[in-house]
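**Student:** pasting the sequence and the predicted model now:
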Amino acid sequence: MGRGLVTFLFRVYTPKKNVSRVKFMLSNRHFHSSRQFGNWVSDKHPVVPPSDVPRRELSRSLIGLAGKVSYFGDANVRPSSSVVENGDDGDGVRDSNTERSKDDEDDIDCFKENDVCDSMAVESESETDDICSERTVSGERVSVRDPVELYQELRNNDNGVKLNRSDWETIQEVFKYFSRSGWAANQSLAIYIGRSFFPTAVHKFLTFFLKKCSADVTEHLVSLGPSNAAVKFLFPIFVEFCIEEFPDEIKQFRSMIQSADLTAPQTWFPFARAMKRKIVYHCGPTNSGKTYNALQRFMEAKKGIYCSPLRLLAMEVFDKVNAQGVYCSLHTGQEKKFVPFSNHVACTVEMVSTEELYDVAVIDEIQMMSDPYRGYAWTRALLGLKADEIHLCGDPTVLNVVRNICSDTGDELHEHHYGRFKPLVVEAKTLLGDLRNVRSGDCVVAFSRREIFEVKMAIEKHTSHRCCVIYGALPPETRRQQANLFNDQDNEFDVLVASDAVGMGLNLNIRRVVFYSLSKYNGDKIVAVPASQVKQIAGRAGRRGSRYPDGLTTTLHLDDLDYLIECLKQPFEEVKRVGLFPFFEQVELFAGQFPNVTFCQLLENFGENCRLDGSYFLCRHDHIKKVANMLEKIQGLSLEDRFNFCFAPVNIRDPKAMYHLLRFASAYSQNVPVSIAMGIPKGSAKNDAELLDLETKHQVLSMYLWLSHHFREETFPYVKKVEEMAVNVADLLGKSLINACWKPESRQRKKPKPEEKKEGYERPRSLVKLHEKRRDDKSAPADNASKVTA
Ligand SMILES: Nc1ncnc2c1ncn2[C@@H]1O[C@H](COP(=O)(O)OP(=O)(O)OP(=O)(O)O)[C@@H](O)[C@H]1O
Ligand SMILES: [Mg+2]
């Protein structure tokens, strides 16, 4: 049993102070009736808006009827992932609240005046009827009755009423509406009726209902029609029906839900919870000294860890700290550099150890907690680091989430707020659409590899400037070499053309950031670059201590300037949720419920069934599923092997890289030494195809190194050789980029589209303008700046 599993079991089975009572109830829960479930839902379950509870409690205590439960909330919410919304029910909540309060008031009025009547309802229903009959029609009477009783009556009724055609159709519609209610599906999870079983359960409930229905219940339902009110009325009866009819399904689903429980993630790290940690949030915009100040504490500490969003930044800190006489090791997925006698380590955030004890930890770019893919790594670091003092550096977007997390963990939070050293100035003139207006110290930002090379070519063709390039597919060593070339004043490379890969933390001598465009492909479609990213990138201009302490920013085209200004003016948008992803042990526990499904299917099922607290989302894992799918045909890989292979750094859109990963996994599964089986060219690239080939080769070598650190080392015996090859390829890439003056190719080598044949740097028409026009037309939601599609 691994240490992680011990931690996990501790979490699941120990109802510690912060292991929410909900979880404890869930893991020990056997509902015997909707009354019990109702009590549980109303008292403990966070799906119900908390604001409703006092009122419900009030009505219950007034009537002294434990089973009278109103199932509040938005009955019309579609099933979202399995996020427990903490009362935020999304669309339509206002309508349902309005409706709810009216119902509520009706209920309470009736109960207040008929306290005696209702408390006697169980024994003497006819008396109750007499008292109420003058003021209520039969439908209303039905609506306030105890669902347990109603259900028992239905069950015992062997002569269901015959429905006329119109009523029959209405009842069908009501049940159809019920089966589509996200609210009912969500609430059903709490009695372990799973999403996939929910429609079947509703269908069986309908069959039962048609056989057994009584006149007053039918009349009431028909009067309500297909509506949220009907869903609320039916739901507790449905609960009663399910508990009686589907004990096996409930039992099975209960085990599955329990094993996919990602609620209260702070309890996954009991050792960190046992510590009294001091969290210092260095909060501010770019270039405000956040990392600098956190690093001061890091270097003063006896033992410290710095967690970086990028390998390149980890390397930068590693160099800086060692240069100042503090021995510091480096630990990234691909590289472990141990410096003798060092007590400090700079690592990438995914590699952080939650086992070691530290005096000071720094988690840089903490706002990345909300990153849809990688956010879980920051969340894990914050929740799990065993350090007396943890310094978080980032913008204010996750400040509130961090406050909530600290109140969950019991850590002490200190906030340090910073302002930019020098304000960022927008140049209103722009480059007037002409790259000949580029100046020394400019960084032109484009969002695709193709555009980057087009811009470089155009600038070098039409001006006397030479360009360095930085983009995501380049190895960190090459990016660093290009950054140094640009920072160094004694050469002709005075312009940088880069993608958003320069956006984080790097210290570059940039005078002005020029946006070539403000839209980018997000892997799915073209979208406007989100304001937060625009700010982050623009903030690269003018760094304290650099040649250009005053920062300027502008756009190539006048068209885009308004959007740039709008982005810079926008306040930081508060993030409500941060990423989470299960440990292997959690996936393994869940896998016990599905012995015969593929790993990819398993991940899918996990995503569909896992439960999360309102402050967390499950990180996107499409890329992981893609790798899982590819590896499916390989026999002999354990579940853990599959899980780990899926996290290997591979560009899933590069067939060559995917092929090599398949080959590595295949050799590993047969327990034979994994060879690299790849030659490297002798000289630098002479065209874009050769450059692309070098990029892929480096990625494959880098993947080999990553695997060698995550699997049995003896199966990857060529680490030394691969390291040398990686250095050579990075070197070749650097040399190739210096001479690069060719038209870029697509990695997939698709046929060029007609507009791609155009010469020079012409760009598509402004997507941002398009977006603004749409927004002005009020056809797009106001907050959709980052979601506009081409
Ligand atoms: N007190 C200081 N004394 C000297 N140099 C400083 C000081 N504070 C910051 N700097 C320098 O200013 C530059 C920007 O600082 P730093 O990298 O800490 O900013 P940041 O707020 O972390 O920015 P980003 O959000 O871009 O990461 C760095 O080169 C840093 O060395
Ligand atoms: Mg920083």
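**Tutor:** On my side now, so go ahead. Numbering: from 1, shown residues only. Ligands and ions are numbered 1, 2, ... in the order given.

**Student:** for residue 248, phi and psi?
**Tutor:** Residue 248 adopts backbone torsions of phi -70, psi -50, taken as degrees, to the nearest 10.

**Student:** and it, how many neighbours does it have?
**Tutor:** A total of 8 residues lie near residue 248 under the criterion other C-beta atoms under 10 Å. C-beta here means a position set from N, CA and C on the backbone, and glycine is covered the same way.

**Student:** repeat for the one 3 residues further on
**Tutor:** The tally of other residues near residue 251 (other C-beta under 10 Å) stands at 11.

**Student:** how about it: what's its closest non-neighbour residue?
**Tutor:** In space, and not counting its chain neighbours, residue 251 is closest to residue 192: 7.7 Å by C-beta to C-beta, 6 or more residues apart in numbering.

**Student:** residue 437 contacts residue 431, correct?
**Tutor:** Yes: at 4.2 Å, residue 437 counts as touching residue 431 under the criterion of C-beta atoms under 8 Å.

**Student:** of the two, who's got more company?
**Tutor:** residue 431 (22 against 15).

**Student:** from residue 556, how far out is the more buried one?
**Tutor:** 5 Å (C-beta to C-beta, to the nearest Å).

**Student:** do residue 408 as well
**Tutor:** From residue 408 over to residue 556 (counting by C-beta to C-beta), the distance is 46 Å.

**Student:** those two: which has the busier surroundings?
**Tutor:** Neighbour totals were compared for residue 408 and residue 556, and residue 556 leads with 26 against 18 (other C-beta under 10 Å).

**Student:** need the pLDDT of the more buried one.
**Tutor:** If you check residue 556, the pLDDT there is 97.

**Student:** so who does it touch?
**Tutor:** 430, 431, 433, 435, 444, 514, 515, 516, 517, 763 (C-beta atoms under 8 Å, 6 or more residues apart in numbering).

**Student:** mind checking the SS state of the second one?
**Tutor:** What that stands for is residue 431. coil (DSSP: H, G, I helix; E, B strand; the rest coil).

**Student:** these two touch, right, it and residue 512?
**Tutor:** No: with contacts counted by C-beta under 8 Å, residue 431 stays clear of residue 512, the gap being 9.7 Å.

**Student:** anything in contact with each of these two?
**Tutor:** Going by C-beta under 8 Å, 6+ apart, residues that sit against residue 431 and also against residue 512 are residue 554.

**Student:** what about the nearest residue in space to residue 677 that is not next to it in sequence, which helix or strand?
**Tutor:** In space, and not counting its chain neighbours, residue 677 is closest to residue 663: 7.4 Å by C-beta to C-beta, 6+ apart. In this structure, residue 663 sits in helix 655-669 according to DSSP states H and E.

**Student:** for the very next helix or strand once past that helix, buried residues please.
**Tutor:** Following helix 655-669 in sequence order, the next helix or strand is helix 688-710 (DSSP H and E). Of the residues in helix 688-710, 688, 690-709 count as buried by neighbour count, 16 or more other C-beta atoms under 10 Å.

**Student:** so what touches whichever helix or strand comes after helix 688-710?
**Tutor:** Counting by DSSP H and E, the next helix or strand C-terminal to helix 688-710 is helix 719-739. If you take C-beta under 8 Å, 6+ apart as the criterion, helix 719-739 is touched by 468-469, 474-475, 477-478, 481-482, 485, 493, 676, 678, 680-681, 683-685, 690-691, 694-695, 697-698, 701-702, 704-705, 708, 713.

**Student:** would you put the C-alpha positions of helix 719-739 in PDB?
**Tutor:** Coordinates of each C-alpha in helix 719-739 appear next as PDB, following Å, rounded to 0.1, in the frame of the first residue of the first chain:
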ATOM      1  CA  VAL A 719      19.700   8.600 -20.000                       C
ATOM      2  CA  LYS A 720      23.300  10.000 -20.400                       C
ATOM      3  CA  LYS A 721      23.300   9.600 -24.100                       C
ATOM      4  CA  VAL A 722      19.800  11.100 -24.400                       C
ATOM      5  CA  GLU A 723      20.900  14.100 -22.300                       C
ATOM      6  CA  GLU A 724      23.800  14.700 -24.600                       C
ATOM      7  CA  MET A 725      21.600  14.400 -27.600                       C
ATOM      8  CA  ALA A 726      19.100  16.900 -26.100                       C
ATOM      9  CA  VAL A 727      21.900  19.400 -25.500                       C
ATOM     10  CA  ASN A 728      23.000  19.000 -29.100                       C
ATOM     11  CA  VAL A 729      19.500  19.300 -30.600                       C
ATOM     12  CA  ALA A 730      18.900  22.500 -28.500                       C
ATOM     13  CA  ASP A 731      22.100  23.900 -29.800                       C
ATOM     14  CA  LEU A 732      21.200  23.100 -33.400                       C
ATOM     15  CA  LEU A 733      17.800  24.700 -32.800                       C
ATOM     16  CA  GLY A 734      19.500  27.800 -31.500                       C
ATOM     17  CA  LYS A 735      21.800  28.000 -34.600                       C
ATOM     18  CA  SER A 736      18.900  27.200 -36.900                       C
ATOM     19  CA  LEU A 737      16.800  30.100 -35.500                       C
ATOM     20  CA  ILE A 738      19.600  32.600 -36.000                       C
ATOM     21  CA  ASN A 739      19.600  31.800 -39.700                       C
END
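
**Student:** averaged pLDDT, that helix. What do you get?
**Tutor:** For helix 719-739, mean pLDDT rounds to 94.

**Student:** that helix vs helix 688-710, what angle?
**Tutor:** 150 degrees (axes from the mean of the first three to the mean of the last three C-alpha atoms, to 10 degrees).

**Student:** quick one: buried residues of helix 719-739?
**Tutor:** Buried residues in helix 719-739, counted by 16+ other C-beta under 10 Å: 722-723, 725-726, 728-730, 732-738.

**Student:** list just the nearest of those to residue 350.
**Tutor:** Residue 350 lies nearest to residue 726 out of the buried residues of helix 719-739, by C-beta to C-beta, at 19.0 Å.

**Student:** against ligand 1, how distant is the closest one?
**Tutor:** Distance, residue 726 to ligand 1, using C-beta to the nearest ligand atom, to the nearest Å: 27 Å.

**Student:** so which elements touch the helix holding residue 663?
**Tutor:** On a contact count with 3 or more C-beta pairs under 8 Å, 6 or more residues apart in numbering; DSSP states H and E, helix 655-669 meets helix 622-631, helix 639-646, helix 688-710.

**Student:** quick one: those as CSV, columns for distance to residue 332 and mean pLDDT too.
**Tutor:** Converted to CSV, the helices and strands packed on helix 655-669 look like this (distance: least, C-beta to C-beta, whole Å; pLDDT from 0 to 100):
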stretch, distance to residue 332, mean pLDDT
helix 622-631, 19, 94
helix 639-646, 16, 94
helix 688-710, 9, 95
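
**Student:** CSV for the ones you listed, including distance to ligand 2?
**Tutor:** CSV is the format used below for the helices and strands packed on helix 655-669 (distance: least, C-beta to the ion, whole Å):
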stretch, distance to ligand 2
helix 622-631, 27
helix 639-646, 30
helix 688-710, 24
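
**Student:** perfect, I'm done here.
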